[in-house]
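Engineer: from the sequence below, what's the structure:
(one chain, ligands or ions: 1)
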Amino acid sequence: MHHNDVMTEQQNVTITVCENGPYEVIGEVDILDANGELIRHVTKSYLCRCGHSEKKPYCDNSHKKFEFTDDGLGPQ
Ligand code: FES
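Structural biologist: Numbering: from 1, shown residues only. This next block holds a predicted model:
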C-alpha cells in the first residue's frame, strides 16, 4: 500500500461509552496532547471518563476504586 492510499483511506473510528468506565476507542487515531503534540498513535485505546486516572488521558482502572458511576446511556 502506498503512503497516499493510507492518507486517503478513511477508517471508521468507534467510541463506545463504557458503563461505569472509560471511553473505548476502536480505530486508527492519533492522540494529541494539549499542545497538539502526538503522544500516541493507536488502533485501540481506553480514555478516562471519570477524571481519577493517574495516567490521563488513559484509563488506569481508578474508576473502580473511586466507584465512578454513569450508565453510559446518552440522552434519548
Ligand atoms: S475511566 Fe478508568 S480511570 Fe477514569
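Engineer: for Glu28, grab the count of nearby residues.
Structural biologist: Neighbourhood size, Glu28 [other CB atoms under 10 Å]: 15. Backbone N, C-alpha and C define where each C-beta goes, glycine included.
Engineer: next, it: secondary structure please.
Structural biologist: With DSSP: H, G, I helix; E, B strand; the rest coil as the basis, Glu28 sits in strand.
Engineer: how close does Lys56 sit to the ligand?
Structural biologist: 8 Å (CB to the nearest ligand atom, to the nearest Å).
Engineer: if you could redo that for Arg40, that was the one I meant.
Structural biologist: Distance from Arg40 to the ligand, by CB to the nearest ligand atom: 16 Å.
Engineer: tell me how far that residue lies from Lys64.
Structural biologist: Using CB to CB, to the nearest Å, one obtains 23 Å as the distance from Arg40 to Lys64.
Engineer: what of Ser53?
Structural biologist: 11 Å.
Engineer: more crowded one of these two?
Structural biologist: Ser53 (19 against 12).
Engineer: quick one: the nearest residue to the more buried one once chain neighbours are set aside and the ligand, what's the gap?
Structural biologist: Using CB to CB, 6 or more residues apart in numbering and skipping residues adjacent in sequence, the residue nearest Ser53 is Asp60, 4.6 Å away. To the ligand, Asp60 is 5 Å away according to CB to the nearest ligand atom.
Engineer: surely Asp60 and Tyr46 touch.
Structural biologist: No - counting by CB atoms under 8 Å, Asp60 sits too far from Tyr46 to count as a contact (9.1 Å).
Engineer: which one of the two is surrounded by more residues?
Structural biologist: More crowded of Asp60 and Tyr46, by other CB under 10 Å: Tyr46, with 20 against 14.
Engineer: assign a three-state SS to the more buried one, would you?
Structural biologist: strand.
Engineer: close enough to count as contact, it and Ile26?
Structural biologist: No - in this structure Tyr46 lies outside contact range of Ile26 using CB under 8 Å: 10.1 Å.
Engineer: ok, which stretches of this protein are helices?
Structural biologist: 3-8, 62-65 (DSSP state H).
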